[in-house]
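Visitor: Turn this into a structure:
(chains A, B, C and D)
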Number of protein chains: 2
Amino acid sequence: MTASERSLRADARRNRESVLDAAGELFAQRGDGVQMDEIAERAGLGVGTLYRHFADKRALLAAIIGRRFEAMTGLASSAEALEDPWAAFEALLYGYLESAEPDAAFRFALLGPHEPTWGDIDEQKTAFSAIVERIVRRAVAAGRLRADFRADDFVLITRGAMANMAGSGNWRRHVALQLEGIRGGSPGDAPPDARSERPSEV
Amino acid sequence: MTASERSLRADARRNRESVLDAAGELFAQRGDGVQMDEIAERAGLGVGTLYRHFADKRALLAAIIGRRFEAMTGLASSAEALEDPWAAFEALLYGYLESAEPDAAFRFALLGPHEPTWGDIDEQKTAFSAIVERIVRRAVAAGRLRADFRADDFVLITRGAMANMAGSGNWRRHVALQLEGIRGGSPGDAPPDARSERPSEV
DNA sequence: GTAGATTCGGAACCGGAGTTCCGGTTCATC
DNA sequence: GATGAACCGGAACTCCGGTTCCGAATCTAC
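Guide: As a prediction, this is how the structure comes out:
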């Protein structure tokens, strides 16, 4: 794609970027549901141009989602760089969720009734998962996460939190509750700093 | 509505019931997304008939959701009847979720991007909430739920669990994790039977 | 500066799904 | 069992939003 990116005419490349930006904002704001005309208008282009760059709406959405996943991977990387295993885990968890909060499209992609054929995003997702895996393992090894905690559980928890982002639900409270159930220290081995890691803002 | 139900012609009342049944099944199966024609066919009726009984698709869906909410209220009532406060809470929680699991429409109604004007279901929802409130309070008073647990948290938890019902997510595991974070016994006061209240399968 | 290819614009097209309409049918009543 | 009202059926209509198409505009190369 870098090659083909070079071979694009100057204006074409510029426009492609405009489309991506416009779509990114609108999708983030209102998820699927925005219509192609809106995106075109916001980008200052005609619909025809959108279709020159993306086969159809799905493809455009997929491109956007892919972009976000890259960002997530970056975020995960820098979380992994933290010394403290628990700090790394928390940075990952909250970083992930705080990124997801203002991005309806991302949440839609993960919560909606889809699963099959979400484009070629699977690679990106795999890269992300690999890092999550490592961070989780490290936190478990350090005894900061319960011994039977698995990377899949990260998905359960984030899915749950994201479901409480729409509307009035208070997802931070939810995460705080969940952390209690996840903390390390097998029965009898008192957890380091049990309550109040973050303000629970009722 | 009981009055108008009486005044319905015999076949009309029968058909109305057929519509409700057909719609109930299909909506439960595939949530919104089923189309009016399908419902009509499944009910063995013409589309026109649907519209004789329900103003539009929303109204039909709302009727279905309302029905489920009544069932939920009944379920909550019988949970409340249990002696043990914790048993009551668990019965409520698992009963609720097990009812929601096979009902895509219900989940859709609670998780989807809606909120405003979900028909006149609010009354039903209020009745349900009142019972939840009591059950939660009782469990808190008995020390089986953490002292700061509120009825709203029930919503957080169920929302989270339902988000893990679609696809491969294992919602029982998720609930089990969440219960750990919710259990009663303030710090220093060991929880009664900490782990493994239910088989955590996986 | 011009040729030729690439890209753009946006009106027109198209299919899908909710909704309407009215002639035909069924039910309740006398 | 006849009459009128209530109800049913489903083809046709409408609206909406994604997609196509092609003449016009723009860019790059010579």
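Visitor: Which residue ranges of chain A form helices?
Guide: A:2-6, A:10-30, A:36-43, A:47-53, A:57-80, A:85-100, A:104-111, A:122-141, A:151-163, A:171-182 (DSSP state H).
Visitor: Would you mind naming what in chain A lies close to DNA strand C?
Guide: Contact residues (C-beta under 7 Å from any atom of the strand) of chain A with DNA strand C: A:8-9, A:11-12, A:15-16, A:44-49, A:51-53. Heads up, the C-betas are built off the backbone N, CA and C, glycines and all.
Visitor: Could you pick out the one among the residues you listed with the lowest pLDDT?
Guide: Minimum pLDDT across those is recorded for residue A:8, with 86.
Visitor: In this structure residue A:177 contacts residue B:180, no?
Guide: No - here residue A:177 does not reach residue B:180: they are 9.7 Å apart, not a contact under C-beta atoms under 8 Å.
Visitor: More neighbours: which of the two?
Guide: residue A:177 (23 against 18; other C-beta atoms under 10 Å in any protein chain shown).
Visitor: Domain ranges for chain A, per the record?
Guide: Domain ranges of chain A: A:1-54, A:65-202, per automatic domain parsing.
Visitor: quick one: the shortest one near chain B?
Guide: What that stands for is domain A:1-54. Yes - judged by C-beta under 8 Å from any C-beta of the partner chain, domain A:1-54 and chain B are in contact via residue A:31.
Visitor: Any stretches of chain A with poor pLDDT?
Guide: Along chain A, segments meeting pLDDT under 70 span A:1-6, A:115-119, A:184-202.
Visitor: what does chain A have sitting close to chain B?
Guide: Within chain A, the positions adjacent to chain B are A:31, A:104, A:111, A:113, A:115, A:146, A:152-153, A:155-157, A:159-164, A:166-171, A:173-174, A:177-182, A:187, A:194-195, A:200, A:202 by C-beta under 8 Å from any C-beta.
Visitor: run the last query once more with 6 Å
Guide: Residues of chain A lying near chain B by C-beta under 6 Å from any C-beta of the partner chain: A:111, A:113, A:115, A:156, A:159-160, A:163-164, A:166-167, A:174, A:177-178, A:180-181, A:187, A:194.
Visitor: Put the buried members of the residues of chain A next to DNA strand C into a ChimeraX selection.
Guide: In ChimeraX, this line selects whichever of the residues of chain A next to DNA strand C come out buried by 16 or more other C-beta atoms under 10 Å in any protein chain shown:
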select /A:15,16,45,49,53
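Visitor: and which of the residues of chain A next to DNA strand C is nearest to residue B:121?
Guide: residue A:47 (38.6 Å; C-beta to C-beta).
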